[in-house]
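K.L.:
starting from these lines, generate the structure:
(chains A and B)
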Amino acid sequence: MKSPVEQDAVARSRVRVDILLIAAACVAFVGAVFIPGLRLAKTLSNDAAALKFVSEQRRYSLAIQSAVAAVQDRLDSGGYVQTPIDQLRRDAQALTEATNRMGAAQAIGWFDAPTETTALADADVKASVTALAAEWSAYRRRLQPLFEFQGIPYFDSESAGTHLNPAGRRLAEATTSALRAAREAIPKIDADFNGIGDALQKSSAAAASTLSLVMLLGLLLAATMVALGIMLQLGRQRQEEAVLEAKRQADSIFRTMKEGLFLLDRDLVIGAAHSAAMRDLFKRDDVAGLTFEDLLKDIVPAKTLATAMKFVRVLWTERTNENLVKSINPLGEVEVHFPGESGSAAPQYLEFDFHRVRSGTDISHILVSVSDASARVALGHELKAAQDQSQSQIDTLLGLLRVDPKQLASFLGDSDVALQMVNSILREPAREESAFRKKVDSIFRQVHAVKGEAAAIGLTTIEDRAHRFEEDLRALREKGDLSGNDFLPLIVKLDDLFTHLQSIRDLVAKLSRLQQAAAPAAERGAPASAAAPTDVDSMLKQLAEKVGHENGKAARVESAGLEALPNAYRRLVKDIAVQAVRNAVMHGIETPQARRAAGKDPCGLIRIEVEPQGADGFRLSIEDDGQGLSTQKIVATAMQRGLVSADEAPTLGPKQALRLLFRAGFSTYDKSTKDAGRGVGMNLIANLVQEAGGRIGVSTAPGKFTRFTVNLPVLQSAGKNHEAA
Amino acid sequence: MSEGPNVLKMLIVDDSNIIRRRIERSQQIDRLEVVGAAANGVEAVELFRRTGADVVTMDLTMPEMDGIECVTELVRIRPDVLILVISALADKATAVEAIERGANGFLCKPFTDRQLNGALEELLAGR
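P.N.:
Numbers count the residues shown, from 1 in each chain, chains lettered A, B, ... in the order given. Reported below is the predicted structural model:
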């Protein structure tokens, strides 16, 4: 299929050929039919006129003969001769004039009016005419005496009667001689007249037959022209159909293509022909006739628009190398926002491409193609996210490699339980403000525990996520009116934590498979999930070291009797111990300098002991050799936090003051480090203990120690309570 | 390379010595002969006047006189000069402005030897 432009050129040249053909046919018709036809018609009419003229003249020869005979008769009878002589003179005169005219006949030009004798100029006729003139001239001389005769040919006397006088005798002789001559001359003259007639008739006949030939030729030519005309018409119809078909195809392309396609003129106005996809891409019907600026102004930022308009304008400059500016096309991949669309809709990207269109050597238009790049860009983003994700997996993996496998297994199990609990708390129905607050607090305790443990074993990715979760919870705590909707973002965070934990679990599974494949069968021990209580011990040691390191302190953990704990208490004890160790390092243990100054070991000591109490269950004590607690400071802080009033404060005894530590909101909220300042540590412990049906107490000696003592009931009921929390 | 009617003189403008040498070493167009290298716009204009260069590669961010001003000045001095801007594509608006001021094309840093020679060929072909 040729392009429309090519087709246009072909059509135009074909029209030129058509016109030439028609002109040639007309010239041929005029040359071959019209002119000869006219000429022949003229010949025919000339011949007819000449025939008529000639046939009119031929009677004179007979009339002359009769007149001469009449003269002789009158002379014989003595009659009056003047009348026939006069007649003879008139007839001879007429014949002379006729022969003169015939002899003087000549061919005439195309534009002269023909005379009766025009045809006699014809060569064939001319010979007979000349012969006629000669015959007549000769005969006429014999008649001369008759013409000249005057008077009366008789003696006018009674006696003589009507005898011829001498003049009469001469006349008689001349007449007799003329009659004798006439016997020879008249047939010749008649023959000449016949010759002329024959020649004219022959000429007529020839002209007529030529004319019929010409007419036949004319018919043929006319038929040819009609055929040619029909052919041309058909050709043109085919041409038009081809053009229409091309247009239909172009329309189909425009209608079907997914890209927007249009032309910009020098004023940057969009042309009338554009692809139908423009409507979907720009969400409007009226793009034809719109300026490029108007098309873009509401959907791209003003700065992008300004750059884009400059870019399109420089494309019109011949200096600009079209192929060397494609990389700076500001609309190469542009994010668009349609007015009236909500901001939450997926971002849309369009890709514009510009091509110069030349007509001859000049740039006539800019062809613009537009495609929807949203899917491609989204894919790019996904790819990036996937890369980030795999990077974070590598980070996690590297983190995991540093963690003790048993601790990790126990952490994974515990945090899963904690998150399941958060999930069930989130699902619990709640109506009242207080119920919502209770939910926030319960969730906080679980997440906080997960965070603490993650930090303890060095799983920063989990720690970060849990921290962000806590941030959200903190915001909820500070919010005035709580409603069910406020909890929705938490579900996303929870899901994120679950997913991340799952990915760690997957990694661990892969690693353990690797390990199992690599290790000899004999060395395979119990599954990692069945961790011994000593895991808690090493975790707490690590935690103390880490928190100490982060706070410029040194602390170590000594534990005893942890292995005596039943598995069901492990979690609870660990939760309590994590918070207690954290608090001890943060608040109890002094800096190494301070400790040295006080004559203590620069490295603080935290002792954790579990003692089975028989029927009374277990006693857990956590003691640090730090600076101890100041009841005055505790009361002052509690007053600051609004936990006790100024009137109440002086009445509080040391025990009551210490119990303030376990009140919710005792500690500050403003310092949002991961390790302290949350004010939940002791409150969390108290709550956990309470939920387990146990009791918690604290004792302290300033400058010497702080000791938390937890009494846990015997197992059966304790386990149930804990699970119920 | 011998002087001839078909040889075009090329001037390299970039404030980085490494890039200047890189362009000079990498360009392999027979018709181009590097006649100078400038580290800023002022130097470039001076060298341009002195060498009568036909082709200029131009950085955009330079001390003294930046690329945009320099392009404007070179085109004012000699309207048929061929200028290829070679710059990092931090801001398309600046790049488009350089073209608006009369630069013929743009090549994005970092570039490969093939990209550089391709862009120079295209620049000369568009002449």
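K.L.:
and residue 31, how many residues sit next to it?
P.N.:
Picked chain A for this. 11 (other C-beta atoms under 10 Å in any protein chain shown). All C-beta atoms are positioned from the backbone trio N, CA, C, and that covers glycine.
K.L.:
the chain in question should be chain B.
P.N.:
That count, for residue B:31 with other C-beta under 10 Å as the rule, works out to 15.
K.L.:
what about residue B:62, which SS state?
P.N.:
Of the three states, residue B:62 takes coil according to DSSP: H, G, I helix; E, B strand; the rest coil.
K.L.:
that one touches residue B:20, doesn't it?
P.N.:
No - with contact defined as C-beta atoms under 8 Å, residue B:62 does not reach residue B:20; the gap is 11.4 Å.
K.L.:
these two: which is more packed in?
P.N.:
Neighbour tally, residue B:62 and residue B:20, criterion other C-beta under 10 Å: the higher count belongs to residue B:62, 24 against 20.
K.L.:
residue boundaries of the strands in chain B?
P.N.:
Remark: strands assigned in chain B by DSSP state E are B:8-13, B:32-38, B:55-58, B:82-88, B:105-109.
K.L.:
go on, the stretch 551-700 of chain A?
P.N.:
Secondary structure of the stretch 551-700 of chain A (DSSP state E, counting those that start in this stretch): strands located at A:555-560, A:604-612, A:618-624, A:695-701.
K.L.:
any chance of the strands of chain B in CSV, plus distance to residue B:99, mean pLDDT and mean neighbour count?
P.N.:
CSV is the format used below for the strands of chain B (distance: least, C-beta to C-beta, whole Å; pLDDT from 0 to 100; neighbours: other C-beta atoms under 10 Å in any protein chain shown):
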stretch, distance to residue B:99, mean pLDDT, mean neighbour count
strand B:8-13, 16, 94, 24
strand B:32-38, 21, 93, 20
strand B:55-58, 11, 95, 26
strand B:82-88, 7, 92, 22
strand B:105-109, 7, 91, 21
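K.L.:
right, and those strands - which one's nearest residue A:708?
P.N.:
Residue A:708 lies closest to strand B:82-88 among the strands of chain B, at 60.7 Å (C-beta to C-beta).
K.L.:
how about the closest one against chain A, any contact?
P.N.:
Yes - shown here: strand B:82-88 in contact with chain A (C-beta under 8 Å from any C-beta of the partner chain) through residue B:84.
K.L.:
buried stuff in the helix or strand containing residue A:385?
P.N.:
Using DSSP states H and E, residue A:385 sits in helix A:374-402. By 16 or more other C-beta atoms under 10 Å in any protein chain shown, the buried positions in helix A:374-402 come out as A:374, A:377, A:393, A:396, A:397, A:399, A:400.
K.L.:
can I take it that residue A:366 is in a strand?
P.N.:
Yes - assessed by three-state DSSP, residue A:366 belongs to a strand.
K.L.:
what is in contact with residue B:62 and residue B:20 at once?
P.N.:
Common contacts of residue B:62 and residue B:20 (C-beta atoms under 8 Å, 6 or more residues apart in numbering or on different chains): B:14, B:39.
K.L.:
list the beta-bridge partners for the closest residue to chain A within chain B.
P.N.:
Residue nearest to chain A within chain B (C-beta to the nearest C-beta): residue B:105, separated by 2.4 Å. Taking DSSP bridges as the rule, residue B:105 bridges to residue B:84.
K.L.:
and it, what does it touch?
P.N.:
Applying C-beta under 8 Å, 6+ apart, the residues near residue B:105 are A:320-321, A:323-325, B:83-85, B:99, B:119, B:122-123, B:126.
K.L.:
in the chain, where's the longest helix?
P.N.:
Just going to use chain A. Longest helix of chain A, by residue count under DSSP state H: helix A:166-256.
K.L.:
chain B, not that one
P.N.:
For chain B, the helix with the greatest residue count under DSSP H is helix B:113-125.
K.L.:
now it against strand B:8-13, angle please.
P.N.:
Here helix B:113-125 runs at an angle of 130 degrees relative to strand B:8-13 (axes from the mean of the first three to the mean of the last three C-alpha atoms, to 10 degrees).
K.L.:
anything in helix B:113-125 near chain A?
P.N.:
Yes - Helix B:113-125 reaches chain A (C-beta under 8 Å from any C-beta) through B:119, B:122, B:123.
K.L.:
follow-up on the earlier one: reformat the strands of the stretch 551-700 of chain A as JSON lines; add mean neighbour count.
P.N.:
JSON lines is the format used below for those (neighbours: other C-beta atoms under 10 Å in any protein chain shown):
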{"stretch": "strand A:555-560", "mean neighbour count": "19"}
{"stretch": "strand A:604-612", "mean neighbour count": "20"}
{"stretch": "strand A:618-624", "mean neighbour count": "23"}
{"stretch": "strand A:695-701", "mean neighbour count": "17"}
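K.L.:
quick check: residues of chain B near chain A?
P.N.:
B:84, B:89, B:92-93, B:95-97, B:99-100, B:102, B:104-108, B:119, B:122-123, B:126.
K.L.:
can you select the buried ones among those residues for me in ChimeraX?
P.N.:
With 16+ other C-beta under 10 Å as the criterion, this ChimeraX line picks the buried residues out of these:
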select /B:84,92,93,95,96,97,99,100,102,104,105,106,107,119,122,123,126
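K.L.:
hmm, back to that, off-centre distance for the longest helix of chain B?
P.N.:
Relative to its chain's centre, helix B:113-125 lies at 12 Å (C-alpha atoms, centre = their mean, to the nearest Å).
K.L.:
list the buried residues of it.
P.N.:
Neighbour-count burial for helix B:113-125, counted by 16+ other C-beta under 10 Å, picks out B:115, B:116, B:117, B:119, B:120, B:122, B:123, B:124.
K.L.:
quick one: residues contacting residue A:172.
P.N.:
Going by C-beta under 8 Å, 6+ apart, residue A:172 touches A:72, A:75, A:153, A:164.
K.L.:
next, the last one: phi, psi?
P.N.:
If I follow you right, that is residue A:164. Main-chain dihedrals, residue A:164, degrees, to the nearest 10: phi -70, psi 130.
K.L.:
give me the neighbour count for it.
P.N.:
Neighbours of residue A:164 (other C-beta under 10 Å): 18.
K.L.:
my guess is it contacts residue A:152. True?
P.N.:
No - Residue A:164 is beyond contact range of residue A:152, at 10.0 Å (criterion: C-beta under 8 Å).
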